[in-house]
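Student: Compute the structure for the input listed below.
(chains A, B, C and D)
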Amino acid sequence: MTRHQAPHRAYTASELLAVMASRLLQDGQVVFAGVGIPLLAATLAQRNFAPHLTILFEGGTIGPFIVPGELPPSTNEQRCTRRSNMVLPITDVLLLLQRGYVDVGFMGGAQIDRFGNLNSSFIGEADNPKIRLPGTGGGNDISSLTNMIVAMKHEKRRFVRDVDFITSPGWIKGHRTRDRAGLPQGGMWRVVTDLAIMGFDEETREMKVLAMHEGVTREEVRDNTGFALLFDDHVATADPPHQEELAVLRELDPERLYTA
Amino acid sequence: MTRHQAPHRAYTASELLAVMASRLLQDGQVVFAGVGIPLLAATLAQRNFAPHLTILFEGGTIGPFIVPGELPPSTNEQRCTRRSNMVLPITDVLLLLQRGYVDVGFMGGAQIDRFGNLNSSFIGEADNPKIRLPGTGGGNDISSLTNMIVAMKHEKRRFVRDVDFITSPGWIKGHRTRDRAGLPQGGMWRVVTDLAIMGFDEETREMKVLAMHEGVTREEVRDNTGFALLFDDHVATADPPHQEELAVLRELDPERLYTA
Amino acid sequence: MKSESLIKPYQQLRSATLARDRGLREKVMSLEEAAKLVRDGDHVGIGGCTMSRTPMAMIWALIRARRKDLTVSRSITSTEGDLLLASGASRHIITSWFSQGIVWGVSKVMRHFTENKLARFEEWSHMSIGLRYRAGAMGIPFMPSRSMIGSDVSKRVGDDFKTMECPFSGDRLVLLPALNPDVALIHVQRCDAYGNAQLDGLQFMDIDMAMAANRVILTTERIVSNDQIRRTPDQTRIPFFTVEAVVEAPIGCAPHECYGVYEPFFTQLDAYAERTAKDALQGCCDYLDEFYYGPKSWADYLAKIGMDEVLDACRRGRSVHND
Amino acid sequence: MKSESLIKPYQQLRSATLARDRGLREKVMSLEEAAKLVRDGDHVGIGGCTMSRTPMAMIWALIRARRKDLTVSRSITSTEGDLLLASGASRHIITSWFSQGIVWGVSKVMRHFTENKLARFEEWSHMSIGLRYRAGAMGIPFMPSRSMIGSDVSKRVGDDFKTMECPFSGDRLVLLPALNPDVALIHVQRCDAYGNAQLDGLQFMDIDMAMAANRVILTTERIVSNDQIRRTPDQTRIPFFTVEAVVEAPIGCAPHECYGVYEPFFTQLDAYAERTAKDALQGCCDYLDEFYYGPKSWADYLAKIGMDEVLDACRRGRSVHND
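Tutor: Have a look, this model is predicted:
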């Protein structure tokens, strides 16, 4: 088994995200996944060590198999239903989250803050935005109703102290504020970036670095984060992507639609 | 066209009910029907003058055709679905009433009172009943949510001043009590018996005879009713069943399952 | 006897579901093994309606296993309700209508148990039962609706029936509490070994009940491959992760019907009605002895009903597909 | 601009439905005739999701008929939203996500209209949009739920978002107001002349929307006989009495997809994205001129997209049925 040597990484940032995120999943779990990195990561986990893992798509699909090279452009096209166990209305697949059938929600993010709140609605003031983003989709529902993994690029403009707008609630203002807001269930669990893997302090619910990728320094992480990150007492170095993992990803996405 | 001569009626009481009830329907209506007399009456109307009438069954059927001689034993067997336009879950077919797609609900009754309330739950005290009856089924929903036609035998023990138990609300205690109870929609419209056809006073909502069958006297109606019936200013004599109508009924129910 | 105990707190409802193994795994077993998954005192939801798609083989197995104190809920309750009461398996039935069927009149067995206060028949309107399962399926504690109000049916269910003024419209609304059975028994035409179930014809309240229940025991006319299911995923109605057991039980609704496979076994049902008309309790107990406790297996039970009846019911059942 | 005006009083909702001719009657017409059934200012619900089963031919006809002031609601809004804004047909879109699709980035047209306050993009969570249609379909003024709370999305919709304490459980619940479109536009694989519609594959929110709307305009890949529908009534998803118009519009979702018939027309979609990336408004208006106002007919529109693309999209569409 050959390992990659930083800084000449033999994989893209997206591939790194997909591999690291896949390792956070467990066999037998029911995973609500967006297309792109989440879908690739979940499929990778299925192929590698979690054959009984089930993927749900927001468009209304339970347990599809993705045909390599035919990745869906969104969760709502027929490509998402190939060889699935069941197809159902959107509202009902989202209600699986509310009823409690889903272990993990898994999506990308545009902007995240220290309490894991996500913004995909407005850059700037909501009433006078610099950029009107596409909005929540099911993001708000997923992050309100289950435990979350988010995979995103680690950039200062994306990792902000307070998001401009809470589209998808994380721990809101930390401590017990999520629970008190009326969300006793779920919450932000892991954030996977091209620099590190983060969790949240059990007490304050502030974002905390649990592991960094090979060759990444604390300074690098800090420099790319717009707030004071906590670091775990035992920050591990993540095992870099294996060739076997990368090979699966490249089979799934030969045109590098989501892994460029 | 031959007419029947009382008292040697050439049809049964049930046939009389079915014919009279069928004439209350209109083409194009959506009718929520029970099996038995309601189904026969609705099918008769369809065959005679209302080809665009649609029958709904509580079991979850929209617009079936009934195969003569294969009448369903309840609204929940496959016989209810023959050549239907759509089959859907019970809850959803009942919700059509709530959403407002249904013109008329049409059922039989065990006990009725002067305000058209129906009892199909208890004879005697509910806590200590003489007879525990089968209960509401969809009766309560239908009579709560749409306009009602009830077809039943005219007997003193069935036509009581106050029902022992309001299973399916009619006008409750008359006047505006139904509306005030939280049921602004629907209400008891017609009661068809083997003696007469009754409506309800617009103001007090008391039961009122609108027409009597050929050869039936007011005394006969009064003697078979457990409360003081109103009589319309112009009580008509109902046109007796035509041979054509009876012929259709006998084709539909050759074994006299519901028309004996 | 208050059904409020049936309303599960949200966190408890979720964690019971999340604690189950929801992975894609085979779960085929026998009727006897599946019966062990139901515990005395459980709230058991029964699929189908009246004489249609009643999971009779599973009920048969539960009665043979001498289950007791079950709270049973169903859309409309037919002869299986008589047998659950007479066998002692249940003393509390939540339903909208309870008797063998209109053509056989009022159930004497139901009357015996309810009039003598030996069992509780908790009556809700048909739509209300359905909306209670639907609320349960959706993970919400109640469903708003507009029937039952103004009737004695609502008064009789007591504190479980609440009303409110709609903050949007000012309408007076009924709030129906969610119904989340501990286990749902559902019979289907076909499913795979994981429990992906496809239903033909009338669905009744089965889908909502499956999603509402903590776990589903499926009986099925036949087990098909997962590949076959995946060819028409838009025909799957119950997803595998709700299911805890899959039992192949051909003609598993007899003497009731299974859409497209067999119609009710009318001769058998007439004979049952005749027995219980004479002496409700004794007639029903004799029937239990002969058809429930006596047979060695489900096939033996069917043999007792008789090959002629089986063939006739199946001929009529298939006829729904004839032009 | 408050959407509370969209919540119809119950008696008004019912009487509008009851006033319609709900009899079993033929209602086949042209796109142009169907477009006349939509009035300026109507709330129009759009079936499908993102690039799937978008009733594009009907939207095309509405834009050509110069409809305006439509309030438009949809599960997720893609290029049809751009075109509805740029054509002036709508200034208010209620949806959960609005852009062509993830791979094409944020819609420049949506940004132009919303950032310059020329139109309102009213954002609700995806499940909330679905539950609002579901409440509308069920004839209740709101649906309880458990998401959107604690977020800024809920704060932004204002008085339409309410919460309550559950009288059964004490849980804090969200109350989502019903959404009852004046008209729903839905594209299906097949239906009969009465409007009994059968859908394959992903259903999205179409069934709830159809039941919630005052009336449905169906476009369909093909019209089949009522006899054919009656052979598989358990495949019917939308009943005829909800439907006011049936229009046969083959390849009626182009350049979006129709499950099992054609996949998205990616070349066309890339070309559209390229035009609007350069100059959002001008690019979109040029596209409207070329593809919406220019063609003589829907067939002419498809011809402009090109036979190669049609064949390729159809080849990929059928492939979902391949092993």
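
Student: contacting residues for C:Leu70?
Tutor: C:38, C:40-44, C:62, C:84, C:89-90, C:92 (C-beta atoms under 8 Å, 6 or more residues apart in numbering or on different chains). Using the backbone N, CA and C atoms, a C-beta is placed for each residue, glycine as well.

Student: what's the closest of the residues you listed to A:Arg158?
Tutor: Nearest to A:Arg158 out of the contacts of C:Leu70 is C:His43 (C-beta to C-beta; 48.0 Å).

Student: How about that closest one: what's its closest non-neighbour residue?
Tutor: Nearest non-adjacent residue to C:His43, counting by C-beta to C-beta, 6 or more residues apart in numbering or on different chains: C:Thr71, 4.4 Å away.

Student: for the one you found, helix, strand, or coil?
Tutor: Secondary structure, DSSP: H, G, I helix; E, B strand; the rest coil: C:Thr71 is strand.

Student: For chain B, see how far away it is.
Tutor: Separation of C:Thr71 from chain B (C-beta to the nearest C-beta, to the nearest Å): 17 Å.

Student: Kindly report the residues of the stretch 1-150 of chain C close to chain D.
Tutor: For the stretch 1-150 of chain C, the contact set with chain D under C-beta under 8 Å from any C-beta of the partner chain comprises C:4, C:7, C:9-10, C:138-146.

Student: change it to 10 Å
Tutor: Proximity of the stretch 1-150 of chain C to chain D, by C-beta under 10 Å from any C-beta of the partner chain, involves residues C:4, C:7-11, C:13, C:131, C:134-135, C:138-146.

Student: Show me the subset of those that also lies near chain B.
Tutor: Of these, the ones that also sit near chain B (C-beta under 10 Å from any C-beta) are C:131, C:134, C:143, C:145-146.

Student: hmm, which two among those are most spread apart?
Tutor: Largest pairwise distance in these, by C-beta to C-beta, is 14.6 Å, between C:Arg134 and C:Arg146.

Student: Between those two, tell me which one has more neighbours.
Tutor: Between C:Arg134 and C:Arg146, C:Arg134 has the larger neighbour count (other C-beta atoms under 10 Å in any protein chain shown), namely 28 against 25.

Student: How about the secondary structure of the more buried one?
Tutor: C:Arg134 - assigned by three-state DSSP - is helix.

Student: still on that earlier bit, sitting in helices, which of the residues of the stretch 1-150 of chain C next to chain D do you find?
Tutor: Among these, the members falling in helices (DSSP state H) are C:10-11, C:13, C:131, C:134-135, C:138.

Student: Surely C:Lys36 touches C:Ala245?
Tutor: Yes. Shown here, C:Lys36 and C:Ala245 form a contact pair, counting by C-beta atoms under 10 Å, at 9.3 Å.

Student: Quick check, pLDDT for the closest residue in space to C:Ile129 that isn't next to it in sequence.
Tutor: Using C-beta to C-beta, 6+ apart and skipping the chain neighbours, the partner closest in space to C:Ile129 is C:Ser96 (5.2 Å). For C:Ser96, the pLDDT comes out at 98.

Student: now do C:Glu165
Tutor: 97.

Student: Report the contact partners of it.
Tutor: Contact analysis of C:Glu165 by C-beta atoms under 10 Å, 6 or more residues apart in numbering or on different chains lists B:182, C:171-173.

Student: near chain D, from those?
Tutor: Among the contacts of C:Glu165, chain D is touched by C:171, C:173 when using C-beta under 10 Å from any C-beta.

Student: Need the contacts of C:Glu165 in JSON lines (columns: distance to B:Asn48).
Tutor: Shown next, in JSON lines, are these (distance: C-beta to C-beta, whole Å):
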{"residue": "B:Gly182", "distance to B:Asn48": "38"}
{"residue": "C:Asp171", "distance to B:Asn48": "39"}
{"residue": "C:Arg172", "distance to B:Asn48": "41"}
{"residue": "C:Leu173", "distance to B:Asn48": "41"}
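
Student: one step back: identify, from the ones next to chain B among the residues of the stretch 1-150 of chain C next to chain D, the entry nearest to chain A.
Tutor: Of all these, C:Arg134 has the smallest distance to chain A: 10.2 Å, by C-beta to the nearest C-beta.

Student: For C:Tyr262, see how far away the residue nearest to that closest one when sequence neighbours are not counted is.
Tutor: Nearest residue to C:Arg134 in three dimensions, chain neighbours excluded: C:Asp208, at 4.6 Å (C-beta to C-beta, 6+ apart). Going from C:Asp208 to C:Tyr262 by C-beta to C-beta, to the nearest Å gives 25 Å.

Student: One more: C:Ile63?
Tutor: 21 Å.

Student: one step back: narrow the ones in helices among the residues of the stretch 1-150 of chain C next to chain D to those that are buried.
Tutor: Neighbour counting by 16 or more other C-beta atoms under 10 Å in any protein chain shown classes C:10, C:13, C:131, C:134-135, C:138 among these as buried.

Student: mind listing the strands for the chain?
Tutor: You didn't say which chain, so I picked chain A. A:30-33, A:54-57, A:61-62, A:86-87, A:104-108, A:111-112, A:118-119, A:122-125, A:128-132, A:147-151, A:187-192, A:196-200, A:207-212, A:230-237 (DSSP state E).

Student: looking at chain C here, not the other one
Tutor: Going by DSSP E, chain C shows strands at C:43-46, C:70-74, C:90-95, C:120-123, C:142-145, C:162-165, C:172-177, C:183-191, C:197-198, C:215-223, C:236-238, C:243-248.

Student: now the last one and strand C:183-191, what's the angle there?
Tutor: Strand C:243-248 and strand C:183-191 meet at an angle of 50 degrees, taking axes from the mean of the first three to the mean of the last three C-alpha atoms, to 10 degrees as the criterion.

Student: And the average pLDDT for stretch C:202-218 is what?
Tutor: Rounded mean pLDDT across stretch C:202-218 is 98.

Student: now stretch A:167-178
Tutor: 98.

Student: Could you do stretch A:105-114 as well?
Tutor: 93.

Student: is any part of that stretch close to chain C?
Tutor: No. Stretch A:105-114 stays clear of chain C (C-beta under 10 Å from any C-beta), getting no nearer than 13.3 Å.

Student: Could you check that stretch against chain D for contacts?
Tutor: Yes. Stretch A:105-114 lies within reach of chain D by C-beta under 10 Å from any C-beta, at A:108, A:110.

Student: first to last residue in that stretch, what's the distance?
Tutor: End-to-end span of stretch A:105-114 (C-alpha to C-alpha, to the nearest Å): 19 Å.

Student: Please apply the same query to stretch A:213-226.
Tutor: Span of stretch A:213-226 from end to end, C-alpha to C-alpha: 19 Å.

Student: Likewise for stretch C:228-236?
Tutor: So stretch C:228-236: terminal residues 11 Å apart, C-alpha to C-alpha.

Student: Can you list the buried residues in that stretch?
Tutor: For stretch C:228-236, by 16+ other C-beta under 10 Å, it's C:229-230, C:233-236.

Student: Out of these, list just those in helices.
Tutor: C:229-230.

Student: Tell me which residues touch the nearest residue to C:Tyr262 once chain neighbours are set aside, please.
Tutor: Residue nearest to C:Tyr262 in three dimensions, not counting chain neighbours: C:Gly317, with 3.6 Å by C-beta to C-beta, 6+ apart. C:Gly317 is in contact with B:78, C:251, C:257-264, counting by C-beta under 10 Å, 6+ apart.

Student: redo that, cut-off 6 Å
Tutor: The contact partners of C:Gly317, by C-beta atoms under 6 Å, 6 or more residues apart in numbering or on different chains, come to C:261-263.

Student: who's the residue nearest to the spatial centre of chain A bridged to?
Tutor: What sits nearest the mean C-alpha location of chain A, by C-alpha atoms, centre = their mean, is A:Val150, with 2.4 Å. Beta bridges link A:Val150 to A:Met107, A:Val191, judged by DSSP bridges.

Student: From chain D, how far out is it?
Tutor: 15 Å.

Student: Quickly note the distance from that residue to A:Ala18.
Tutor: A:Val150 sits 13 Å away from A:Ala18, going by C-beta to C-beta.
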